Every structure is written in structure tokens, then in C-alpha cells.
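S.K.: model this:
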Amino acid sequence: MLHGAQAHTTDQMQFTVQALSPVLSVSQPLATRLRITNRSQTPMYVFNDLNYYVSVWAYAGSKESMEKQIIEEAMPPPPQRENFTLLKPGQSIEDIRYDKLDDLGISKPGNYRIDFNYRMNLPSEVTFGLPVWQGTQGASALIRVVNQPRGHAP
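M.R.: Model prediction:
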């Protein structure tokens, strides 16, 4: 049985992202698989909906981030106990995220790095005494944006 909520170190969980289509047209949404894997020897809880705690930024080359067209919600609604999933060692939870390129500030063809930052920092009073993994991790995906979708002639 698991007792008490506590912070866990970053290396116990692994946050990864994968662009489902690394080449897309400016009109297509970016579909990305988000995954958190328990790499520790201890079962830990994570929040079911990974999107609530992920922020995303686009970069053209090594320049500053693109100007986003949307403001991300600062805090999701208060969680319920059923919003947490127990991950045993080696288990993963994943979700697919969809972002409009325009919302990320991408409006023209080019190569972009998309940075995802997962940050879980919930106070113990809203984690129901569960040992919820707390931490911050980042991961990136590289995409190429073209004028036409792949396989379409101009």
C-alpha cells in the first residue's frame, strides 16, 4: 500500500513526445503523442490528462520562441481522486495532443523545434494523500512545415 504524498526526483519518471507527422502543411494541426513512463522501482501516481500540465512553444532554429496566438490556462480545475492513475514500475500513460500551428505562431514553411514542458506541482491537499509524482521535465519534437500536404502536387 502507498502512503503519503511526497515529491519524487525527475529521473524516476520519463516524459517523452513524438510528432505523429514530422512533415505537415501549414493548414494541418500538429498531433503529438505525450508519454510519461515510470522508470523507478516504486509505484507512483500521475494526473490522467497530460495536457493540463504541459506547455508548448515553437522555435524557428535557435531563435527566440514564436509569438503564440493563444494564452494557456494557468490552472486546471481542482482534481478529483479518479483523475490520478497509478503507474507501476515500467508502466506508461500517454495522450495525443493537437495544436494548431497558427496558435503556436507558425504561419509559413520551415523547420521548427517544438518544446513541451511537463510541470506537476500540486499541493498535497489536492492529491488526496496519494504519492503523486511532482516535477518538471521537457522534451522536444522537430517538424518541417511545407506549403502542400505530403503527397499532393501543387
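S.K.: burial count for Leu142?
M.R.: Leu142: 10 surrounding residues under other CB atoms under 10 Å. Bear in mind the C-beta positions are built from the backbone N, C-alpha and C, glycine included.
S.K.: Quick check, pLDDT for it.
M.R.: On the pLDDT scale, Leu142 is placed at 93.
S.K.: repeat for the one 10 residues further on
M.R.: With respect to pLDDT, His152 scores 49.
S.K.: State the distance from Phe84 to Ala58.
M.R.: Distance of Phe84 to Ala58, given as CB to CB, to the nearest Å: 30 Å.
S.K.: And for Pro79?
M.R.: Taking CB to CB, one finds Pro79 at 29 Å from Ala58.
S.K.: Tell me which of these two has more neighbours.
M.R.: Between Pro79 and Ala58, counted using other CB under 10 Å, the more crowded position is Ala58 (21 against 17).
S.K.: Check which helix or strand the more buried one maps to.
M.R.: Taking DSSP states H and E as the criterion, Ala58 maps to strand 54-60.
S.K.: so Pro77, which of the three states?
M.R.: coil (DSSP: H, G, I helix; E, B strand; the rest coil).
S.K.: Tell me how far it lies from Met13.
M.R.: Relative to Met13, and taking CB to CB, Pro77 is found at 23 Å.
S.K.: Who has more neighbours out of the two?
M.R.: Applying other CB under 10 Å to Pro77 and Met13 shows that Met13 carries more neighbours, namely 22 against 8.
S.K.: Would you mind confirming that the more buried one is in contact with Asn38?
M.R.: Yes: counting by CB atoms under 8 Å, Met13 touches Asn38, with 6.1 Å between them.
S.K.: joint contacts of these two?
M.R.: Met44, Trp133 (CB atoms under 8 Å, 6 or more residues apart in numbering).
S.K.: and Val17, bridged to which residues?
M.R.: Leu34 (DSSP bridges).
S.K.: List the residues that contact it.
M.R.: Contacts of Val17 by CB under 8 Å, 6+ apart are Thr32, Arg33, Leu34, Arg35, Ile114, Phe116, Ala139, Ser140, Ala141.
S.K.: Can you say which of these are buried?
M.R.: Using 16 or more other CB atoms under 10 Å as the burial test, the contacts of Val17 include Thr32, Leu34, Ile114, Phe116, Ala139, Ala141 as buried.
S.K.: Any chance of TSV for those, columns secondary structure and distance to Gln148?
M.R.: TSV is the format used below for those (DSSP: H, G, I helix; E, B strand; the rest coil; distance: CB to CB, whole Å):
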residue	secondary structure	distance to Gln148
Thr32	strand	21
Leu34	strand	28
Ile114	strand	21
Phe116	strand	27
Ala139	strand	29
Ala141	strand	21
